[in-house]
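Peer 1: Based on what follows, work out the 3D shape:
(one chain, ligands or ions: 1)
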Amino acid sequence: MKITFITAEKTPIAKVGGLADVITGLSREMTSRNHDLEIVLPRYSHLDTTHIDGLSIYRNELLVPWFSGFISCQIWKGTVWGQPCYLIDSNKALDYFTRGVTYGESDDDLRFAFFSKASLEFIHQSGKKPDILHCHDWQTSLVPVLLYELYQQKGLDKTRVCLTIHNFKHQGITNESVLVGTGLNRPDYFFSSDRLLDNYNPHVLNLLKGGMVYSNFMTTVSPKHAWEAKEGDQGFGLRPTLHLYHMKYGGVLNGLDYEYWNPNKDPLIPYNYAAVSVGRKSENKEYLQQKFALSRTRQPLLAFIGRLDPQKGLDLIQYAIPRILELGGQFILLGNSHDPAINREFEQLKQRLAGNQNVHLELDFNEEFAHFIYAGSDFMLVPSQFEPCGLTQLIALRYGSVPIVRSVGGLADTIFDVADTRQEFHSRNGFCFETYSEKELDKTLIRAINYYNDQPDSFLKLRRNGMEQDFSWKEPAQHYLNIYNYIRA
Ligand code: ADP
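Peer 2: Presented below is the predicted three-dimensional model:
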């Protein structure tokens, strides 16, 4: 099959969160099954081009209709870990992708509407006829709208679209300018509840909703979250649309790139190890303690890695830090936010904790540090308010760091409590709590730390359980192929 991913993120060249990892992991699995897979993304000025092989201009001029004129783009091509990537470069004419950040700009809606338009224009003008376009999140949700309203008539009539929603919270709320910019025009037609009109605000357009209406199939990233969004309170206003289109909606659990996230081969960690040699984690732990100037003790080391977004349970994390120290543990946090107020709050917390040799806050995005932390920590804390899938708990399992999670969304689909007698022992892999509260988190922290201190042999088995489970892309990729085949038929 000819498959094209259109995406705002990709590991390792443009990563903000899990979306980037999904693009790379899923596309590598598809390629390994001999599908013809290409990836289109913006040529951000902050793109990490060191990981792109053979980067060169593929097409010197691509004229993209935009408002009343044309934007002249260059298309670059290179391979990233063996995968062909096309980078749309509009930087000479527009400043959309020269801001030094991926998201968080006041004109994000126009930036990504332009990218969606330019991607289709590129596919059309270069004569490519993909069987499947796979779009991701609100940023590329305009692709199916543009395809069916404009590009099908231009020869892309056999192409079908799958949209994956990695996060329902971010929907691309916008106005008429996006219609004018992309040439969709016809506000009366698109400002309608069966097209792009927001379900609750009659004055705005909702790009994610448009993608849901126009795509041939839509998925979110775990079965539990698919249910929570459609039947629970996690659809962020899109519940009616999910009900209306339930026949083309499902949850496919994200996988993990087991080649990249492999403690036995990972070049970024100081001491490689596998499930049989998981004892060697202690050397990684010592390295980590030294790196972040923590005292070198055998106390349990808990960590958090993630975007500092309220979604991730920031108030519970702030509660947990002093509690973990009181309970005799150590704690490392790696995270940042594009909200300056949140960054400031964590900076202040960091200052208050300065000099404490059992805690370190690294307020940054740092891929290398993330690897050290997965390898050196004993536990990974994931106390999310909501979590469509979550990859940090899956990476933690792979690296023998035991997840402590709130059972929600993909966390509920992947982490099974050590005391859950409905599961065989070898399926249990972490510590879970249900209710989002300090009290429930507290009980779980106590259970986890006591288990570590009092039952070292069982704790070792628990680590191994996680390392031996298979959360690779093998099975999820097959689900996506089934979806692609279904919509082609
Ligand atoms: P989300 O997609 O909501 O951001 P996920 O758990 O699905 O969360 O994926 C997060 C990915 O981003 C993981 O690969 C995690 O290691 C990585 N990550 C998040 N924050 C940081 C950071 N500050 N530094 C390095 N890696 C990070």
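Peer 1: Pull out the buried positions in the strand ranked longest in the chain.
Peer 2: Of all segments of type strand in the chain, defined using DSSP state E, the longest is strand 52-66. Residues 52, 55, 58-59, 62, 64, 66 are the ones in strand 52-66 that count as buried (16 or more other CB atoms under 10 Å). C-betas here are computed from N, CA, C, even on glycine.
Peer 1: Name the nearest of those residues relative to residue 311.
Peer 2: Looking at the buried residues of strand 52-66 and their distance to residue 311, the nearest is residue 52, at 30.8 Å (CB to CB).
Peer 1: mind checking how far the closest one is from residue 309?
Peer 2: 28 Å (CB to CB, to the nearest Å).
Peer 1: Then residue 382?
Peer 2: In terms of CB to CB, residue 382 sits 13 Å off from residue 309.
Peer 1: Repeat that for residue 206.
Peer 2: Where residue 309 is concerned, residue 206 sits at a distance of 20 Å (CB to CB).
Peer 1: got it, and residue 441?
Peer 2: 18 Å.
Peer 1: which of those two has more neighbours?
Peer 2: residue 441 (22 against 18; other CB atoms under 10 Å).
Peer 1: if we can go back for a sec, Throw the buried residues of strand 52-66 into CSV and include pLDDT and distance to the ligand, thanks.
Peer 2: Shown next, in CSV, are the buried residues of strand 52-66 (pLDDT from 0 to 100; distance: CB to the nearest ligand atom, whole Å):
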residue, pLDDT, distance to the ligand
52, 98, 20
55, 98, 24
58, 98, 29
59, 97, 32
62, 98, 31
64, 98, 29
66, 98, 30
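Peer 1: Would you quantify the distance from the closest residue to residue 312 other than its chain neighbours to the ligand?
Peer 2: Spatial nearest neighbour of residue 312, excluding adjacent residues (CB to CB, 6 or more residues apart in numbering): residue 306 at 4.9 Å. Counting by CB to the nearest ligand atom, to the nearest Å, the gap from residue 306 to the ligand is 5 Å.
Peer 1: Could you do residue 141 as well?
Peer 2: The value you get for residue 141 to the ligand, if CB to the nearest ligand atom is used, is 17 Å.
Peer 1: so what's the residue lying closest to that residue once chain neighbours are set aside up against?
Peer 2: With CB to CB, 6+ apart as the criterion, residue 141 has its nearest non-adjacent residue at 2.7 Å, and that residue is residue 211. For residue 211, the contact set (CB atoms under 8 Å, 6 or more residues apart in numbering) comprises 135, 138, 140-145, 163, 218.
Peer 1: The helix or strand containing residue 331: partners in the sheet, and parallel or antiparallel?
Peer 2: For residue 331, the element it lies in under DSSP states H and E is strand 330-334. Applying DSSP bridges, strand 330-334 is found paired with strand 301-305 (parallel), strand 359-362 (parallel).
Peer 1: how about CSV for the ones you listed, with mean pLDDT and mean neighbour count added?
Peer 2: Converted to CSV, those look like this (pLDDT from 0 to 100; neighbours: other CB atoms under 10 Å):
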stretch, mean pLDDT, mean neighbour count
strand 301-305, 98, 25
strand 359-362, 98, 20
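Peer 1: can you redo those strands as a markdown table with distance to residue 253?
Peer 2: Below are the strands paired with strand 330-334 laid out as a markdown table (distance: least, CB to CB, whole Å):
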| stretch | distance to residue 253 |
| --- | --- |
| strand 301-305 | 20 |
| strand 359-362 | 29 |
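Peer 1: interface residues of this structure facing the ligand?
Peer 2: By the rule CB under 6 Å from any ligand atom, the part of the chain lying against the ligand is 17-19, 21, 305-307, 334-336, 365-367, 370, 389-392, 395.
Peer 1: Please state the mean pLDDT value computed over the strand holding residue 331.
Peer 2: Average pLDDT, strand 330-334: 98.
Peer 1: so where's the stretch 101-250 of the chain shaky on pLDDT?
Peer 2: Under the criterion pLDDT under 70, no range of the stretch 101-250 of the chain is flagged.
Peer 1: Would you map the helices across the stretch 351-489 of the chain?
Peer 2: For the stretch 351-489 of the chain, the helices defined by DSSP state H, counting those that start in this stretch occupy 367-376, 392-398, 409-414, 438-454, 456-468, 474-488.
Peer 1: quick one: which of those is nearest residue 286?
Peer 2: Nearest of those (CB to CB): helix 367-376, 7.8 Å.
Peer 1: Give me the distance from that closest one to the chain's centre.
Peer 2: Chain-centre distance of helix 367-376: 17 Å, with CA atoms, centre = their mean, to the nearest Å.
Peer 1: where do the helices sit along the stretch 151-300 of the chain?
Peer 2: Listed in chain order, the helices of the stretch 151-300 of the chain (DSSP H, counting those that start in this stretch) span 176-182, 187-190, 207-214, 223-231, 239-244, 281-291.
Peer 1: Highest average neighbour count across those: which stretch is it?
Peer 2: helix 207-214 (a mean of 25; mean count of other CB atoms under 10 Å).
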